[in-house]
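A.B. asks: Below are the sequence and a predicted model for it; my questions follow.
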Amino acid sequence: MLIMSIKERAMAATSALQRDTRFDGLPLPDLYARVSRHVPAIEWPALAPDIEAILRLKRERNAVILAHNYQAPEIFHTVADIVGDSLALAREAVTVDADVIVLAGVHFMAETAKLLNPEKTVLIPDMGAGCSLADSITAADVRALKAKYPGVPVVTYVNTSAAVKAESDVCCTSGNAADVVRALGVPRVLMIPDEFLARNVQQQVPEVEMLTWAGHCEVHERFTPDDIAAVRDSYPGVTVIAHPECPPEVVEASDFSGSTAMMMNFVTEKRPSQVVLVTECSMADNIAVANPDIEFIKPCNMCPHMKRMSLSNIRRALETMTHEVTVEPALADRARLAVERMLAVKPTPVVSPVPKA
């Protein structure tokens, strides 16, 4: 079964209904209908000029916008062409038919898009959009680990710089980490830099020893089992879904754990009446657009880096063709190999995600 993206579901839901005429007095009323539950009508006239300009500039520049699932609804559901988790964006970046790619996400994602599209212009609207995981490890750190554990394969989370990827054997995302580890067929791996992701993957691949690095996501590390207990006390019967960057104790206290794409698939297929997404706040907003009948309880954390993206700086990026992301060619060749090895790993065939027992 093919699983539609969050945005595709929202658009399908909108087109299946009779056209909503409530917003005809607003600019771009059809686009506003997609985000009306999350963007107040009084704010829309201030956003619409940027959206109109971005749509025009995309045509003029032959540009596409890739947006991560954590982007705000006014970006995700109005100007983005391709949306998804890190794995989906990496896969789609290979097939993009455009001269310019604008990455509405964080810097390592833009670098990955550039690695896979060396001949295209890749822009990120704000160079300050970093990542605590990417900042937690350097290429020198990886070389030291390889010297300490000679011959042990290095599996590197894509939430890292191109320089770190270049020192690695293969990359992974939260959506395919277990598949990548199994595909290596070895008893021991260095899984860096996300300690919690490695410990959670260890539960899926118990036959492989995970050597970890003490990197953490500043969004997900703040969740605690007490947070989950408090939600369950306040909302009996609520379904709790946690991202695998959360501490293992949080994942253990949840009903299901998976990447942002897997979270979306679980919600849209299982259709719980109430759900908590233990991840970045915009994730719930974006899924809610396509699933208005599901109540999303929101003890979430904001990612300050993802929130550096805005309609205004996306517009400015296309107007000025800044900020261009480049990777030194020799470094890029080595980093690209690690990403391509990841993309070559065949995923475990799962039609519907299965909740934990």
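C.D. replies: All right, it came through fine. Numbers count the residues shown, from 1 in each chain.
A.B. asks: Skipping adjacent residues, who's closest to Ile297 in space?
C.D. replies: Val276 (4.7 Å; C-beta to C-beta, 6 or more residues apart in numbering). (Glycine included, C-beta is placed from N, CA and C.)
A.B. asks: Pretty sure the one you found sits in a strand.
C.D. replies: Yes - applying DSSP: H, G, I helix; E, B strand; the rest coil, one finds Val276 inside a strand.
A.B. asks: Distance check, it against Thr322.
C.D. replies: Distance, Val276 to Thr322, by C-beta to C-beta, to the nearest Å: 38 Å.
A.B. asks: who has more neighbours, these two?
C.D. replies: It is Val276, of Val276 and Thr322, that has more neighbours when counted by other C-beta atoms under 10 Å, with 25 against 13.
A.B. asks: all strands of the protein, in order?
C.D. replies: Per DSSP state E, the chain has strands spanning 63-68, 82-84, 100-104, 121-123, 154-157, 170-172, 188-192, 209-212, 239-242, 256-257, 274-278, 295-297. These are given in chain order.
A.B. asks: ok, Gln261 touching Asp85?
C.D. replies: For the record, residue 261 is Ala, not Gln. Yes - counting by C-beta atoms under 8 Å, Ala261 does reach Asp85; the two are 4.4 Å apart.
A.B. asks: pLDDT at the closest residue to Pro272 other than its chain neighbours, what is it?
C.D. replies: In space, Pro272 comes closest to Thr239 once its chain neighbours are excluded; the distance is 3.8 Å by C-beta to C-beta, 6+ apart. Per-residue confidence at Thr239 stands at 98 (pLDDT).
A.B. asks: Then Gln18?
C.D. replies: For Gln18, the predicted pLDDT is 55.
A.B. asks: Low-confidence bits of the stretch 251-357 of the chain, can you list those?
C.D. replies: Low-confidence segments of the stretch 251-357 of the chain (pLDDT under 70): 349-357.
A.B. asks: in the stretch 251-357 of the chain, which spans are helices?
C.D. replies: Using DSSP state H, counting those that start in this stretch, the helices of the stretch 251-357 of the chain run over residues 260-270, 281-290, 311-320, 329-344.
A.B. asks: actually the stretch 1-150 of the chain, not the one I wrote
C.D. replies: Assigned by DSSP H, counting those that start in this stretch, the helices in the stretch 1-150 of the chain fall at 6-16, 29-35, 44-61, 73-76, 86-95, 107-116, 132-135, 139-148.
A.B. asks: in stretch 114-134, what's buried?
C.D. replies: By neighbour count with 16 or more other C-beta atoms under 10 Å, stretch 114-134 contains the buried residues 114-117, 120-126, 129-134.
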